[in-house]
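[1] build me a model:
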Amino acid sequence: MDKEELILKLYELGLIKIGRFKLSSGLESNYYIDLRELVSYPRLMKSIALMIYDLAKTRYRFDVVAGIATGGIPLASFISCIHEIPMAYIRRERKMHGMQKLIEGNVASKKVLLVDDVATTGGSLEDAVKTIREFKGEISFAIVVVDREQGALERLGKLGVELLSLVKAREIFSVLERYGVKIPRLNEH
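    Numbering: from 1, shown residues only. As a prediction, this is how the structure comes out:
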(Lines give C-alpha, C1' and ligand atoms only; values in the text may rest on other atoms or scores of the structure.)
Protein backbone atom coordinates (compact mmCIF):
# COMPACT_ATOMS: atom_id res chain seq x y z
CA MET A 1 0.00 0.00 0.00
CA ASP A 2 1.41 3.42 -0.90
CA LYS A 3 0.68 6.80 0.76
CA GLU A 4 -2.11 7.76 -1.61
CA GLU A 5 -3.90 4.41 -1.16
CA LEU A 6 -3.57 4.74 2.61
CA ILE A 7 -5.01 8.27 2.63
CA LEU A 8 -7.93 7.29 0.40
CA LYS A 9 -8.69 4.20 2.48
CA LEU A 10 -8.64 6.16 5.75
CA TYR A 11 -10.98 8.75 4.21
CA GLU A 12 -13.29 6.12 2.71
CA LEU A 13 -13.63 4.44 6.13
CA GLY A 14 -14.40 7.77 7.82
CA LEU A 15 -11.17 7.79 9.82
CA ILE A 16 -10.26 11.13 8.23
CA LYS A 17 -13.15 13.52 8.82
CA ILE A 18 -13.61 16.96 7.27
CA GLY A 19 -15.46 19.72 9.18
CA ARG A 20 -14.78 21.75 12.31
CA PHE A 21 -13.19 20.04 15.30
CA LYS A 22 -11.57 20.93 18.61
CA LEU A 23 -8.41 18.87 19.20
CA SER A 24 -7.09 17.55 22.51
CA SER A 25 -4.32 20.15 22.18
CA GLY A 26 -7.04 22.86 22.35
CA LEU A 27 -6.48 23.84 18.71
CA GLU A 28 -9.35 24.09 16.24
CA SER A 29 -9.04 22.15 13.00
CA ASN A 30 -10.81 21.65 9.67
CA TYR A 31 -10.10 17.92 9.77
CA TYR A 32 -9.93 15.16 12.35
CA ILE A 33 -7.98 11.93 12.25
CA ASP A 34 -9.63 9.19 14.33
CA LEU A 35 -7.35 6.18 14.01
CA ARG A 36 -8.53 4.51 17.21
CA GLU A 37 -11.18 2.91 14.99
CA LEU A 38 -8.43 1.08 13.06
CA VAL A 39 -8.96 -1.87 15.42
CA SER A 40 -12.20 -2.50 13.51
CA TYR A 41 -10.21 -3.04 10.29
CA PRO A 42 -7.57 -5.71 10.99
CA ARG A 43 -6.42 -6.01 7.38
CA LEU A 44 -5.77 -2.27 7.19
CA MET A 45 -4.17 -2.30 10.65
CA LYS A 46 -1.84 -5.06 9.51
CA SER A 47 -0.91 -3.10 6.36
CA ILE A 48 -0.13 -0.03 8.46
CA ALA A 49 1.90 -2.10 10.93
CA LEU A 50 3.93 -3.50 8.03
CA MET A 51 4.47 0.01 6.61
CA ILE A 52 5.69 1.27 10.00
CA TYR A 53 8.03 -1.69 10.42
CA ASP A 54 9.43 -1.32 6.90
CA LEU A 55 10.07 2.40 7.47
CA ALA A 56 11.64 1.79 10.89
CA LYS A 57 13.96 -1.03 9.87
CA THR A 58 15.58 1.12 7.16
CA ARG A 59 16.57 3.73 9.76
CA TYR A 60 16.94 2.09 13.14
CA ARG A 61 17.68 -1.19 14.86
CA PHE A 62 15.31 -1.70 17.77
CA ASP A 63 14.70 -4.36 20.41
CA VAL A 64 11.27 -3.26 21.64
CA VAL A 65 8.30 -1.56 20.03
CA ALA A 66 6.37 0.69 22.42
CA GLY A 67 2.92 2.18 21.90
CA ILE A 68 1.34 5.17 23.57
CA ALA A 69 -2.08 4.68 25.15
CA THR A 70 -4.47 4.46 23.48
CA GLY A 71 -3.89 4.84 19.77
CA GLY A 72 -0.35 3.46 19.70
CA ILE A 73 -1.04 0.26 21.64
CA PRO A 74 -2.84 -1.65 18.85
CA LEU A 75 -0.18 -0.60 16.33
CA ALA A 76 2.61 -1.76 18.63
CA SER A 77 0.72 -5.01 19.25
CA PHE A 78 0.41 -5.78 15.54
CA ILE A 79 4.09 -5.00 14.91
CA SER A 80 5.09 -7.10 17.92
CA CYS A 81 3.02 -10.11 16.87
CA ILE A 82 3.86 -10.01 13.17
CA HIS A 83 7.61 -9.67 13.70
CA GLU A 84 7.91 -11.38 17.11
CA ILE A 85 9.43 -8.28 18.70
CA PRO A 86 8.92 -7.57 22.42
CA MET A 87 6.39 -4.85 23.16
CA ALA A 88 5.81 -2.22 25.82
CA TYR A 89 3.21 0.47 26.29
CA ILE A 90 3.14 3.82 27.99
CA ARG A 91 0.16 4.92 30.03
CA ARG A 92 -1.02 8.52 29.96
CA GLU A 93 -1.13 8.56 33.76
CA ARG A 94 0.63 6.54 36.43
CA LYS A 95 -1.43 3.67 37.83
CA MET A 96 -2.45 4.43 41.41
CA HIS A 97 -2.57 0.78 42.53
CA GLY A 98 -0.39 -2.31 42.28
CA MET A 99 3.10 -1.38 41.09
CA GLN A 100 1.95 2.13 40.08
CA LYS A 101 3.74 1.84 36.74
CA LEU A 102 3.70 4.37 33.96
CA ILE A 103 5.11 1.85 31.49
CA GLU A 104 4.34 -1.84 31.00
CA GLY A 105 6.99 -4.05 29.45
CA ASN A 106 10.75 -4.09 29.77
CA VAL A 107 12.62 -1.26 28.05
CA ALA A 108 15.70 -1.09 30.31
CA SER A 109 18.93 -1.12 28.26
CA LYS A 110 16.90 -1.74 25.09
CA LYS A 111 16.59 0.28 21.88
CA VAL A 112 12.94 1.31 21.71
CA LEU A 113 10.86 2.24 18.68
CA LEU A 114 7.98 4.44 19.82
CA VAL A 115 4.76 4.31 17.77
CA ASP A 116 1.52 6.28 17.91
CA ASP A 117 -1.41 6.98 15.64
CA VAL A 118 -1.36 10.77 15.24
CA ALA A 119 1.11 13.53 16.17
CA THR A 120 -0.11 17.08 16.65
CA THR A 121 1.97 19.23 19.01
CA GLY A 122 4.00 16.25 20.26
CA GLY A 123 3.07 16.51 23.94
CA SER A 124 2.12 12.85 24.34
CA LEU A 125 5.17 11.74 22.36
CA GLU A 126 7.45 13.93 24.49
CA ASP A 127 5.98 12.47 27.70
CA ALA A 128 6.45 8.94 26.34
CA VAL A 129 10.09 9.62 25.38
CA LYS A 130 10.79 10.93 28.89
CA THR A 131 9.09 7.89 30.42
CA ILE A 132 11.10 5.46 28.29
CA ARG A 133 14.30 7.22 29.32
CA GLU A 134 13.21 7.26 32.96
CA PHE A 135 12.93 3.47 32.73
CA LYS A 136 16.43 3.32 31.16
CA GLY A 137 15.32 2.66 27.58
CA GLU A 138 17.22 4.10 24.61
CA ILE A 139 15.16 6.01 22.09
CA SER A 140 16.07 8.06 19.05
CA PHE A 141 13.13 7.39 16.68
CA ALA A 142 9.36 7.59 16.84
CA ILE A 143 6.89 6.82 14.06
CA VAL A 144 3.29 7.93 13.70
CA VAL A 145 0.74 7.11 11.04
CA VAL A 146 -0.17 10.80 10.55
CA ASP A 147 1.86 13.89 11.41
CA ARG A 148 -0.47 16.89 11.55
CA GLU A 149 2.65 19.06 11.19
CA GLN A 150 1.82 21.26 14.16
CA GLY A 151 5.07 21.12 16.12
CA ALA A 152 5.67 17.48 17.06
CA LEU A 153 8.67 17.09 14.74
CA GLU A 154 10.46 20.07 16.25
CA ARG A 155 9.47 19.17 19.83
CA LEU A 156 10.92 15.68 19.55
CA GLY A 157 13.97 17.00 17.73
CA LYS A 158 14.84 19.00 20.87
CA LEU A 159 14.92 15.66 22.72
CA GLY A 160 17.21 14.08 20.12
CA VAL A 161 14.38 11.95 18.73
CA GLU A 162 13.58 11.89 15.01
CA LEU A 163 9.87 11.77 14.20
CA LEU A 164 8.92 9.81 11.09
CA SER A 165 5.42 9.47 9.68
CA LEU A 166 3.65 7.41 7.07
CA VAL A 167 1.76 10.52 5.89
CA LYS A 168 1.76 14.22 6.63
CA ALA A 169 -1.23 16.56 6.81
CA ARG A 170 -0.25 18.39 3.62
CA GLU A 171 -0.16 15.04 1.77
CA ILE A 172 -3.68 14.26 3.00
CA PHE A 173 -4.95 17.63 1.73
CA SER A 174 -3.17 17.23 -1.58
CA VAL A 175 -4.57 13.75 -2.25
CA LEU A 176 -8.12 14.50 -1.10
CA GLU A 177 -8.31 17.74 -3.09
CA ARG A 178 -7.04 15.91 -6.18
CA TYR A 179 -9.99 13.53 -5.73
CA GLY A 180 -12.45 16.42 -5.43
CA VAL A 181 -12.91 16.55 -1.66
CA LYS A 182 -13.66 20.14 -0.59
CA ILE A 183 -11.69 21.08 2.51
CA PRO A 184 -12.82 24.23 4.34
CA ARG A 185 -9.95 26.49 5.38
CA LEU A 186 -9.35 27.66 8.92
CA ASN A 187 -6.78 30.16 10.15
CA GLU A 188 -4.34 27.37 11.09
CA HIS A 189 -3.79 26.19 7.49
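[2] mind giving me the packing neighbours of the stretch of helix or strand Lys17 belongs to?
    Taking DSSP states H and E as the criterion, Lys17 maps to strand 16-22. In this structure, strand 16-22 makes packing contacts with strand 28-33, helix 169-178, judged by 3 or more C-beta pairs under 8 Å, 6 or more residues apart in numbering; DSSP states H and E. Bear in mind the C-beta positions are built from the backbone N, C-alpha and C, glycine included.
[3] next, the buried residues of it.
    Within strand 16-22, the residues that qualify as buried are 16, 18, counting by 16 or more other C-beta atoms under 10 Å.
[4] pLDDT of it, averaged?
    Strand 16-22 comes out with an average pLDDT of 89.
[5] name the residues that touch it?
    7, 10, 28-34, 172, 176, 181-184, 186 (C-beta atoms under 8 Å, 6 or more residues apart in numbering).
[6] which one in the residues you listed is the model shakiest on?
    Comparing these by pLDDT, Leu186 comes last, at 60.
[7] which non-adjacent residue is nearest Val107?
    In space, and not counting its chain neighbours, Val107 is closest to Gly137: 3.2 Å by C-beta to C-beta, 6 or more residues apart in numbering.
[8] may I see the buried residues of the longest helix that the chain contains?
    Criterion DSSP state H: the longest helix present in the chain is helix 42-57. For helix 42-57, burial by neighbour count (16+ other C-beta under 10 Å) applies to 44-45, 47-49, 51-53, 56.
[9] from Val112, how far off is Ala76?
    Ala76 is 10 Å from Val112, where distance means C-beta to C-beta, to the nearest Å.
[10] overlap in contacts of those two?
    65-66, 88.
[11] three-state assignment of the residue positioned nearest the centre of the chain?
    Most central in the chain under C-alpha atoms, centre = their mean is Asp116, positioned 2.4 Å from the mean C-alpha point. Here Asp116 is strand, with the state taken from DSSP: H, G, I helix; E, B strand; the rest coil.
[12] in contact with it, which residues?
    Applying C-beta under 8 Å, 6+ apart to Asp116 gives the contacts 67-68, 71-72, 75, 124-125, 128, 142, 144-145.
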